[in-house]
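[1] structure, please.
(2 chains, ligands or ions: 2)
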Amino acid sequence: MKRERQLGIIYSAPMGLWLTIFFLIPISIIVIYSFLKKGLYGGVEWQFTLKAYQEMFNPAFLKVLWRTLWVSVVATAITLLLALPCGYAMARSRHQIFWLALIIVPFWTNSLIRIYAWIAILSSEGFINELLLSLGIIKESLSLIYNQQAVITVLVYINIPFAILPLFTTIDKFDFQLLEAARDLGATKRKAIFKVLLPSIRSGIITALIFTFIPIFGAYTTPLLVGGKDSYMIGNIIVDQVTKTRNWPLASAFSLIITLLSTLGVIWILVSGMQDKAKGVVK
Amino acid sequence: MLGGDGKRLKGFDVKVENVSRAFGDFKALDDVSIEIKRGEFFSLLGPSGCGKTTLLRIIAGFDNPDSGSVLLDGKNILHLPPEKRPVNTVFQSYALFPHLSTYENIAFPLRLKKIGEKELDAKVQEYLHLVQLEGHETKKPSMLSGGQRQRVAIARALINEPNVLLLDEPLSALDAKLRQNLLVELDHLHDQIGVTFIYVTHDQSEALSVSDRIAVMNHGKVLQIGEPFEIYENPATDFVARFIGETNLFPAVVRKCVPLHDYFLTTLYIEELESEILVTDYDNLPVGQHVSFTVRPEKMKITTDKPTHVSKDINLFRGIIEEPIYSGFQSKYYVLLDNGTIMKVIQQHANYMDEGPEIEWKEQVYVSWSAEDGYIVEVVDS
Ligand SMILES: Nc1ncnc2c1ncn2[C@@H]1O[C@H](COP(=O)(O)OP(=O)(O)OP(=O)(O)O)[C@@H](O)[C@H]1O
Ligand SMILES: [Mg+2]
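    Ligands and ions are numbered 1, 2, ... in the order given. Next up, the predicted model:
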């Protein structure tokens, strides 16, 4: 009995070590730095202050925070709306391995290179403009890049695999006869999907939501490379504070806010998911 | 409470006309024609893979035939989507919605129709009562027993008041005892509500005990349609004879055919038995015709002494007991006849006094049956 308990500690030690080194220590450093005074050339001075948090209420920053939320919500929504039919088609397909490979293969290329590929596609001398010009559909190049739409497009592209994979695995386990049962009982195709398929794959939808919302919320490279001046997101501000303005406490405060907001978001998604599940028992 | 004659609902007649369905080269249904009367308890009986589910799916609207038509109450329904057909299905695996409670599963079809909460509740309560599931309203399907799940599936399929109920092996997932009980319940339910039942099963005893009529299928074809006793007593092909109950089946050749009253006393030569036997038949078969002959094990008598008064139309063979199988209310014997053929004989243990001495392994016995108890099942063209 006693021996077993000791073994338990030994077994869980690697996990504990991992969490301490890669999660607890960095988070603690961020928390502590956010309450310290900014050093002149970066770094911090060991003096307690709330200055970083006061600086955050700069309207310019709040605007960016608000924009980040907005872009994240829109991009996540588009990602899920596209990923659902993809996951469904994959689960019903006889060539699942093929489709899975198609989704995974792009990961072998660095994401930076994939973003540059999008620049080649969207820029004013890029693939789309050249094509439309040569077909005579447009007279002048369209400005497809360095704006909010470009940021959302690329964010959706980069994150969609993380939505498709969990959706695919849950839909694959779904008993499709339930859809026939729903049709049999009077549901149209649409109704059968909304009343039977979607509630049954709730866990997959929640996972997909979390897996896409969080990385999009903290996005940094995409807005930097394909966004314009109006597409700055919190991630960019943090980097600027670290590398240009050299205000480490403010960077830490922002990081903390991102972490808190995404954690709260996840908790909210999970809790509301649980409640709806419990509601299945009506009456 | 709809429908006349005290029945809750109204049954439609179903006509399946020359329906064929192939998957690639494989013919799952081959020119199937069946007429089902309104309110009938009709069974589709056949071995696994013979196309029963395929036919049900076509009637329900989940699949389309390559040719042929399906008429409900005289109207072709093949162009209608499943949700528009007055037909509901109890699926082979029930297909209950796992995220909904018993109550919500049964209420599902009504919620789609957006009827008032009060009316909905009254209706759901009525059907909960019909299938005796009161008190289980809040349970999810995973918390119900097999028999309860089946009842939810039935209530859910009936609450829309269909005119035809399709049941795809609804008892196959249950144990033998429960099956018997639920089968009887199903039969009562059918009598109460008056809906046409199309019941799919591969279990011949299920089909025989509750059906008004049965269609026996094999390899996508309908071999025989008839009332249970017709199918059992007068199988149309040797497949039917073998599939329904146990039987002894032999190829034979007609030797003689003598009219006698309103039938013919036919003499058959059976190669396997190295002997002639007598059988009555309604057809005057030509001499030399190849046929299949069958006699059910329970129609035969087994005795240790040679029967003394043997009338002319009795067939008698001698053999030894190869294997006796005792199963309570009856015993089955595999008898090795003198000519090397095995006959199955079943003796009922109805009454101790009647039985005479016990029959044992390797004992010499006499097997006999009357000409009226054998059947010519199939005329084999050659
Ligand atoms: N979608 C399909 N594609 C290819 N073959 C199919 C398809 N559906 C059914 N079949 C084939 O058609 C045949 C009949 O199938 P069906 O499901 O109707 O059998 P069944 O009589 O219901 O059998 P069971 O008693 O095992 O349920 C089977 O051999 C099956 O493999
Ligand atoms: Mg089947």
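[2] shaky segments in chain B?
    B:1-8, B:350-357, B:381-382 (pLDDT under 70).
[3] enumerate the residues of chain A near ligand 1.
    For chain A, no residue is in contact with ligand 1 (C-beta under 6 Å from any ligand atom). C-beta coordinates here come from the backbone N, C-alpha and C atoms, glycine included.
[4] what's the longest strand in chain A?
    Longest strand of chain A, by residue count under DSSP state E: strand A:44-48.
[5] that one: how far from the chain's middle?
    Mean-position distance between strand A:44-48 and its chain equals 33 Å (C-alpha atoms, centre = their mean, to the nearest Å).
[6] next: stretch B:84-96.
    Computed by C-alpha atoms, centre = their mean, the separation of stretch B:84-96 from the middle of its chain amounts to 20 Å.
[7] tell me the buried residues in that stretch?
    Buried residues in stretch B:84-96, counted by 16 or more other C-beta atoms under 10 Å in any protein chain shown: B:85, B:86, B:87, B:88, B:89, B:90, B:91, B:92, B:94, B:95, B:96.
[8] just those: which are in helices?
    Judged by DSSP state H, the buried residues of stretch B:84-96 include no members of helices.
[9] and which of those is nearest residue B:331?
    residue B:92 (35.4 Å; C-beta to C-beta).
[10] ok, now which ones touch the closest residue to that closest one other than its chain neighbours?
    Excluding the flanking residues, the one nearest residue B:92 by C-beta to C-beta, 6 or more residues apart in numbering or on different chains is residue B:168, at 4.3 Å. Residues near residue B:168 by C-beta atoms under 8 Å, 6 or more residues apart in numbering or on different chains: B:52, B:53, B:56, B:89, B:90, B:91, B:92, B:200.
[11] show me what residue B:168 bridges to in the sheet.
    Applying DSSP bridges to residue B:168 gives these bridge partners: residue B:200.
[12] how near is it to chain A?
    10 Å (C-beta to the nearest C-beta, to the nearest Å).
[13] what does residue B:327 give?
    38 Å.
[14] for residue B:181, what are its contacts?
    Residue B:181 neighbours (C-beta under 8 Å, 6+ apart): residue B:147.
[15] can I assume it sits in a strand?
    No. Per DSSP: H, G, I helix; E, B strand; the rest coil, residue B:181 lies outside any strand segment and is helix.
[16] what sits closest to residue 45 if chain neighbours are left out?
    Since no chain was named, I'll use chain A. residue A:37 is the one closest to residue A:45 (C-beta to C-beta, 6+ apart), at 4.4 Å.
[17] ah, I was thinking of chain B
    Nearest to residue B:45 is residue B:207, by C-beta to C-beta, 6+ apart, at 4.4 Å.
[18] neighbours of the one you found, how many?
    By the criterion of other C-beta atoms under 10 Å in any protein chain shown, residue B:207 has 25 neighbours.
[19] residue contacts, it?
    B:43, B:45, B:199, B:201, B:214, B:228.
[20] residue A:180 now?
    By C-beta under 8 Å, 6+ apart, the neighbours of residue A:180 are B:62, B:82, B:91, B:95.
[21] find the nearest non-adjacent residue to the second one, please.
    So that's residue B:82. For residue B:82, ignoring the flanking residues on the chain, the nearest one in space by C-beta to C-beta, 6+ apart is residue B:61 at 3.5 Å.
[22] was I right about the one you found contacting residue B:87?
    Yes. With contacts counted by C-beta atoms under 8 Å, residue B:61 reaches residue B:87, the gap being 7.5 Å.
[23] any shared contact partners between these two?
    A:184, B:77.
[24] residues of the stretch 151-300 of chain B that sit close to chain A?
    Selection of the stretch 151-300 of chain B residues close to chain A by C-beta under 8 Å from any C-beta of the partner chain yields B:156, B:157, B:160.
[25] for the last one, helix, strand, or coil?
    So the one you mean is residue B:160. Three-state call for residue B:160 (three-state DSSP): coil.
[26] that one contacts residue A:185, doesn't it?
    Yes. At 6.4 Å, residue B:160 counts as touching residue A:185 under the criterion of C-beta under 8 Å.
[27] list the helices and strands the longest strand of chain A packs on?
    On a contact count with 3 or more C-beta pairs under 8 Å, 6 or more residues apart in numbering or on different chains; DSSP states H and E, strand A:44-48 meets strand A:36-38.
[28] returning to that earlier point: gap between the residue nearest to residue A:45 and residue A:46?
    Distance of residue A:37 to residue A:46, given as C-beta to C-beta, to the nearest Å: 8 Å.
[29] my read is residue B:235 is in a strand, agree?
    No. Residue B:235 sits outside any strand when classified using three-state DSSP, being coil.
[30] what residues are up against the closest residue to it other than its chain neighbours?
    Excluding the flanking residues, the one nearest residue B:235 by C-beta to C-beta, 6+ apart is residue B:241, at 3.9 Å. Contact analysis of residue B:241 by C-beta under 8 Å, 6+ apart lists B:235, B:247, B:249, B:292, B:294, B:375, B:377.
[31] report the distance from the helix or strand hosting residue B:241 to the chain centre.
    Assigned by DSSP states H and E, residue B:241 belongs to helix B:238-243. Centroid displacement of helix B:238-243 relative to its chain, using C-alpha atoms, centre = their mean, is 12 Å.
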